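Q: coordinates only, sequence not included:
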């Protein structure tokens, strides 16, 4: 499972990436990049966390993805040069651009945007054809129906249509559930594949009242797994949706359902499938997050591979984890439509003989857009084209989101909330989705909605004491750095506007956040009350305005937009950690 892909993309010029790729160069580069060597007798294709980004995007990978304890120095907690060294990727290469934040803007101009469903369709079709459609299974790991206005306005249905055109045969979920039970069931009914999730059960009250479920005896709400015949081999795929749904999102969306990792139930399911179905391979399609998957793989026997998502980690080589039953490989497939994972299996006699895995960046410069898919995308976006295309401002610098603590895009959101709502401090959730805008690029309404399109987008302003603010930040920080992966819910640190602070990730809860200082230079007073603005509260908001309305008003008067001031986070105790690249 060594990382074998060659980097022929270095042959491309900046002019080529503007759409002027010579046919011979394009063919040669595509042959090098996308001609995955044939191996085995079954192929599983995997995408995850596309967040409804139908068009190609720029997306800067993090400079801070800190791992502590056993997670320090191992994937996915590697960034920058440490990532390149670990995986043997050449600096300045196309792979360095796709997988890291190094020289991001310069590389972005050289290699172009990534992803886009029309280009994904071309790549999936090619990979299926080369392996044989009858021996190929295509999976989506969730967060497919959310993340753009097109998805939001259709309550996810537009992305069901896209999934059907892509040929997705099974998927699991996360943000999908934030549309509520009725829309989830409506969308699943329109999906031509299977929605699978072994870890969602009816509440006791819902079961007593006869609420619908896939299996009344167990109370499982959804089909837990599928069996797929791939040529002469049989493969079981179990669904594992986001375990913390009612904690991370408003419980009111799915009040009759309970979630969780459900390790015991998963082990019983795997054992039952092995005994009754006699598969050649068992795959877990997971939206746990990679750290959770690594722990799960060490404790649950009988799973050959975990194809994971949720934490948006693009990891080119899977981790091999020992467990009581043997070993499990754990892969994670990135986000925003930038990657397609290819799992090739040599199967027979009820077992996996060998595995090859490749994580392919989706470069539109090398993959012609599928005409049918592009037409479908254009049709979906057409009714809102004028609104989405409205230019709100120009980007005064790179606007990005992903990273454990800060992002320039989030700082702009906090600046807007503070100014428009008259608050001293602003809080913005540490979401990991949302494309970037290069310096000098247009910040459009489409851009803004791709940072904020959720079903609970309302802004709020409320009084909080300094102690309450610190408690909120400590709670979010524990979610990120708790030493037990089963307690981590994914996402990054809450973004803070108007406040600098220090963080000691390895400290105990309640002791990680310190040195809290307002932009005025005054220390945050634990007993004093402050006016705090924010959005995406799990509690119903008094102010019904969506965050995009408030921020758009701010941006329309900005002209050129960049953070008024980047609020600083001083990190303590992580010197030399390969998951952190200090600002240059």
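A: Now that the structure is in, tell me what you want to look at. Since the structure is predicted, the reported quantities are computational estimates derived from the model, not experimental observations.
Q: For the residue lying closest to residue 514 once chain neighbours are set aside, which residues count as its bridge partners?
A: In space, residue 514 comes closest to residue 502 once its chain neighbours are excluded; the distance is 4.8 Å by C-beta to C-beta, 6 or more residues apart in numbering. Using the backbone N, CA and C atoms, a C-beta is placed for each residue, glycine as well. Listed by DSSP bridges, the beta-bridge partners for residue 502 are residue 514, residue 570.
Q: Equivalent analysis for residue 308, please.
A: Per DSSP bridges, the residues bridged to residue 308 are residue 332.
Q: Tell me which residues touch it, please.
A: By C-beta atoms under 8 Å, 6 or more residues apart in numbering, residue 308 lies in contact with 48, 141, 286, 287, 288, 289, 290, 293, 330, 331, 332, 333.
Q: and it, how far is that from residue 98?
A: Separation of residue 308 from residue 98 (C-beta to C-beta, to the nearest Å): 18 Å.
Q: and what of residue 261?
A: Going from residue 261 to residue 98 by C-beta to C-beta gives 30 Å.
Q: more crowded one of the two?
A: Taking neighbours as other C-beta atoms under 10 Å, residue 261 and residue 98 compare with residue 98 leading, 24 against 20.
Q: Give the buried residues for stretch 569-584.
A: If you call a residue buried by 16 or more other C-beta atoms under 10 Å, then stretch 569-584 has these buried ones: 569, 571, 574, 577, 578, 579, 580, 581.
Q: Residue 301: which of those is nearest?
A: Lowest distance from residue 301 to these (C-beta to C-beta) belongs to residue 579, with 29.5 Å.
Q: what sits against the closest one?
A: 64, 65, 66, 67, 72, 73, 77, 78, 79, 82.
Q: Filter those residues down to just the buried residues.
A: Those of the contacts of residue 579 that meet the buried threshold are 64, 65, 66, 67, 72, 77, 78, 79, 82, by 16+ other C-beta under 10 Å.
Q: Which pair of the residues you listed spans the longest distance?
A: Taking C-beta to C-beta as the measure, those span a maximum distance of 13.4 Å, between 64 and 72.
Q: is it true that residue 440 touches residue 398?
A: No. Assessed by C-beta atoms under 8 Å, residue 440 is found out of contact with residue 398, at 9.6 Å.
Q: quick one: which of the two has more around it?
A: Shown here are residue 440 and residue 398; by other C-beta under 10 Å, residue 398 has more neighbours (20 against 12).
Q: What does the pLDDT read for the more buried one?
A: Residue 398 is assigned a predicted lDDT (pLDDT) of 98.
Q: Quick one: residues contacting it.
A: Per C-beta under 8 Å, 6+ apart, neighbours of residue 398: 60, 104, 105, 408, 436, 437, 438, 439.
Q: and what of residue 188?
A: Residue 188 sits next to residue 195 when contact means C-beta under 8 Å, 6+ apart.
Q: Spit out the contact partners of the closest residue to residue 60 other than its chain neighbours.
A: Nearest in space to residue 60, with sequence neighbours left out and distances taken as C-beta to C-beta, 6+ apart, is residue 400 at 4.3 Å. By C-beta under 8 Å, 6+ apart, residue 400 lies in contact with 59, 60, 104, 407, 408, 409, 436.
Q: what do you get if the cut-off is 10 Å, keeping everything else the same?
A: Applying C-beta atoms under 10 Å, 6 or more residues apart in numbering, we find residue 400 in contact with 58-63, 101, 104-105, 406-410, 434-438.
Q: In the stretch 151-300 of the chain, where is pLDDT below threshold?
A: Along the stretch 151-300 of the chain, segments meeting pLDDT under 70 are nowhere present.
Q: sorry, back to before: going by distance to residue 148, which of the contacts of residue 579 wins?
A: Proximity of the contacts of residue 579 to residue 148 (C-beta to C-beta) peaks at residue 65, which lies at 24.6 Å.
Q: and the gap between that closest one and residue 578?
A: Taken as C-beta to C-beta, the span from residue 65 to residue 578 is 9 Å.
Q: any residues in contact with both of those two?
A: Residues touching both residue 65 and residue 578 comprise 77, 78, 79, 80, 83, with contact defined as C-beta under 10 Å, 6+ apart.
Q: and the residues you listed as TSV, adding secondary structure and distance to residue 562?
A: Conversion of the shared contacts of residue 65 and residue 578 to TSV gives the following (DSSP: H, G, I helix; E, B strand; the rest coil; distance: C-beta to C-beta, whole Å):
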residue	secondary structure	distance to residue 562
77	coil	29
78	coil	29
79	coil	23
80	helix	23
83	helix	27
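Q: Out of the residues you listed, give me the two with the largest separation.
A: 77 and 80 (11.9 Å).
Q: joint contacts of the two?
A: With C-beta under 10 Å, 6+ apart, residue 77 and residue 80 have common neighbours 62, 64, 65, 578, 579, 580.
Q: how about those residues in CSV, adding secondary structure, pLDDT and distance to residue 145?
A: As requested, the shared contacts of residue 77 and residue 80 are exported to CSV (DSSP: H, G, I helix; E, B strand; the rest coil; pLDDT from 0 to 100; distance: C-beta to C-beta, whole Å):
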residue, secondary structure, pLDDT, distance to residue 145
62, coil, 97, 24
64, strand, 97, 29
65, coil, 97, 26
578, coil, 97, 35
579, coil, 97, 30
580, strand, 97, 33
